[in-house]
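1. 3D, please:
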Amino acid sequence: MELSWTMKLRIAAAAAVGIVFVGILAWPWGSPPDPFGSVLFKAIDTSGIVTLLIMAFLAGLIAYFAAWPYGWEIGVLAVPFGLCVWAVRAGKVAALMQLNATVTQRQTLFASLRWEPIFWLMVVAAGFAGVVLGQKIRPGRKYEHMQEKNVASSYKYSNPLIALIISVLIVQFCIKIIAQDVVLSDNRLGSVVAQPAIGQIVFAVSVSFGLAAFVVKKYLNVNYIWSVMSIFIITAVSIIRYTKLDLMDYLIGRWPSVFFSNVVISILPVQMVAFGTIGSIAGYWMAVRYVYWRKHELQ
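-> Residues are numbered from 1 along each chain as shown. Reported below is the predicted structural model:
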């Protein structure tokens, strides 16, 4: 089941809307003062946050109509594509390590980064709210609802929880393998990994979440939202586990600031949310297409 050129145009239109409204027009409110600085939600002032949320909402609403009658499925891509522009320009965690050289400074920094995925996901949710409004104004198709309402009632509540756990495990395992740059052995930690390039981060995060969403859709028949929600858990658990006081003190004493004990903590939250959401949505629809192919093409 190949995508038609009209469907590809709808996806491109939704992506373009998000890139313009969120990636370009909203960028001045979120860009760091330093051209090489990192994009952090905590650094955006209140007016910037409000502007970003409004732009995300408008992007979702306009993308819905740009992709109609499939706006419900495609419109949600607008804001993640817009955030991808921010994520590519976001800078590197290694640069933050250089600016926060002491153990106390780094622990304070990571303590704030632990919560950032929630706020970036709020931006994605604002875009979804725009899609919901578009659906109310001019109803279109809601494919995923028709597919997932057939889940057995006995698994209605357990499947999402299982999907969340599976997503966390798959993503952590895959990112650790795919996103590795320079890996050096360490007597205490086993190994340390250098800051990945942005291209590696894009590929690793997108593929990892795509695989997770594919698996949970195919075997549990649940929505990609559970893979997206795992972004916060993955970031928070990794930061808690790999930024303990003794571990940070050891790294500072033995390794340059470009090395990390785990590759996940070298990825900024905005990058995890942007590429992780895109990957999750793509993986979900790949599973839908695969199931359709298995059911119809092999008969």
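2. count of neighbours near residue 212?
-> 32 (other CB atoms under 10 Å). (C-beta placed from N, C-alpha, C; glycine too.)
3. That one and residue 228 touch, don't they?
-> No - look at residue 212 against residue 228 with CB atoms under 8 Å: they stay out of range, at 9.8 Å.
4. Wait, residue 39 touches residue 90, no?
-> Yes - counting by CB under 8 Å, residue 90 is a contact partner of residue 39 at 3.9 Å.
5. Spit out the residues that contact these two alike.
-> 268, 270 (CB atoms under 8 Å, 6 or more residues apart in numbering).
6. Check residue 131 and give its pLDDT.
-> You'll see residue 131 listed with a pLDDT of 97.
7. now do residue 290
-> 88.
8. and the host helix or strand of it, which residues are buried?
-> Take DSSP states H and E as the rule and residue 290 turns out to sit in helix 269-296. Of the residues in helix 269-296, 269-288 count as buried by neighbour count, 16 or more other CB atoms under 10 Å.
9. which residues of the stretch 1-150 of the chain score low on pLDDT?
-> 1-2, 35-36, 142-150 (pLDDT under 70).
10. separation between residue 276 and residue 76?
-> 14 Å (CB to CB, to the nearest Å).
11. Identify the residue nearest residue 123 in space, chain neighbours excluded?
-> residue 56 (4.9 Å; CB to CB, 6 or more residues apart in numbering).
12. isn't that neighbour right next to residue 121, touching?
-> No - with contacts counted by CB under 8 Å, residue 56 stays clear of residue 121, the gap being 11.0 Å.
13. Which one's more surrounded, the two?
-> Neighbour count, other CB under 10 Å: between residue 56 and residue 121, residue 56 has more, with 28 against 19.
14. Could you check how far the closest residue to residue 198 other than its chain neighbours is from residue 79?
-> Leaving aside its sequence neighbours, residue 198 sits nearest to residue 88 (CB to CB, 6+ apart; 6.0 Å). Plainly put, residue 88 is 15 Å away from residue 79 if you go by CB to CB.
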